[in-house]
Structures are given as structure tokens and as C-alpha cells.
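[1] just to be clear, the model below is a prediction. Sequence and coordinates:
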Amino acid sequence: MGKKIICALAAFAVLAGLCFVLGYTRPMTLEQLCPGIRLEDCRAIQASFRRGQTGEEITLTLQNGDTAFAQVTELMEKASFRRSLLSLFPLGGKSHALQPEDFKWLLLLEFGDTQLPDGTQGSGMLIELNDFYGTLEVSYVGETWRCSVSNQEEWRSAVMECLETANKKEGNA
């Protein structure tokens, strides 16, 4: 009888672990990943990006109402984010051997008064999306998750293209 109990407990532990993994890594919208946030309430996006080995870091602000703002927020609305189990461990530093075609970008999403998960009100740069040469991290209220999105290479390239187009429209080459 003791073996049956041990087997039952082991089966329960495996099932509970599997449920946790499936729940933690399930696809979510950005609004599901960051409770209390509504992308339609985003006021502005502070962006910085860099392409290639010798490219300079470019910064710009996308304002709600700008074409590029609408394109970037649409890409975020359509994306399905999956948290990586690596997020459960300290993420540590990052490095990357640069190739000519490589790029990275950082988006800081600004919101007005927003009800945060702990019941308090927050405003300012509440969400950070950091694409570090293909490694995507999302930060919100003190938590950072390494994530992936469906068609990640296409999606991150589309975001980069929006930023580069917005930069050219501002008169920067």
C-alpha cells in the first residue's frame, strides 16, 4: 500500500508540474501578460535602436496619433507572447557577437494613471520591451520575463522597420 501512495504522489507531482509549465508558457497578449494595461491607453513610446556593427544608437519618441506609433502598437496587439521557463531563474548579463545584419531595439511604453496588479495607481514608462539581438524580454512592475512571439524573426524585423521608417520621416538618415 505504501508503494501505491508514493506512485500516486509522484504522479500528482508530475501532473502539477506539467500544469504549471503549460500555464506559465501559454501564449498571452501583452495585456494579459501585463494586467491592468490597455494598449489603447498608451500615450507614447520611447524607442531606441541600432543596426549592424557600426551603426549608432538612435532614439526617438513615437506619439499616440503618429503612423509609426499605430503600426508598432498594432504589432504588439497582434503578438502572442510566451514566457520562457528561463525567466524563473536570474537572467544575468547578455552578450552577442555582432554580425553586419544584426539589430536590436528597446521600447518603453508610457501610460497615464493605470491600475496596477497590486491595486495601486501607476503612470509613466510601465512596460519595457527589449529585443537584444533576437532575445526578447518584457518588463512590467518589477518583473522581467524572457519571451518569444510567433514568427519572432518576422515580428521583430517588422518592429525594427517601423522604427527606421519613423526615424527617416523625422529627417534622420
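    Here it is on my side, so go on.

[2] okay, CA-based contacts and neighbour counts for the rest of this
    Fine.

[3] mind checking how far whichever helix or strand Gly124 is part of is from the chain centre?
    Secondary structure assignment for Gly124, by DSSP states H and E: strand 121-132. Taking C-alpha atoms, centre = their mean, to the nearest Å, the mean C-alpha location of strand 121-132 is offset from the chain mean by 9 Å.

[4] indicate each strand paired with that strand and its parallel or antiparallel sense.
    strand 103-115 (antiparallel), strand 135-140 (antiparallel) (DSSP bridges).

[5] and of those strands, who's closest to Ser123?
    Smallest distance to Ser123 across the strands paired with strand 121-132 (C-alpha to C-alpha): 4.7 Å, for strand 103-115.

[6] dump that closest one to CSV, keeping only the CA atoms.
    Provided in CSV are the C-alpha atoms of strand 103-115 (Å, rounded to 0.1, in the frame of the first residue of the first chain):
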residue,chain,number,x,y,z
PHE,A,103,19.9,44.8,-34.9
LYS,A,104,18.4,45.5,-31.5
TRP,A,105,15.6,47.8,-30.2
LEU,A,106,14.2,48.9,-26.9
LEU,A,107,10.6,50.2,-26.5
LEU,A,108,9.4,52.0,-23.3
LEU,A,109,5.6,52.3,-23.3
GLU,A,110,4.2,55.3,-21.4
PHE,A,111,0.8,55.3,-19.8
GLY,A,112,-1.2,57.7,-17.7
ASP,A,113,-2.9,56.7,-14.5
THR,A,114,-3.2,52.9,-14.6
GLN,A,115,-4.5,50.4,-12.1
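
[7] rounded mean pLDDT for it, please.
    Here strand 103-115 scores 91 as its mean pLDDT.

[8] what residues of that strand count as buried?
    Using 16 or more other C-alpha atoms under 10 Å as the test for burial, strand 103-115 gives Phe103, Lys104, Trp105, Leu106, Leu107, Leu108, Leu109, Glu110, Phe111, Thr114.

[9] what does stretch 134-141 give?
    Gly134, Leu136, Glu137, Val138, Ser139, Tyr140.
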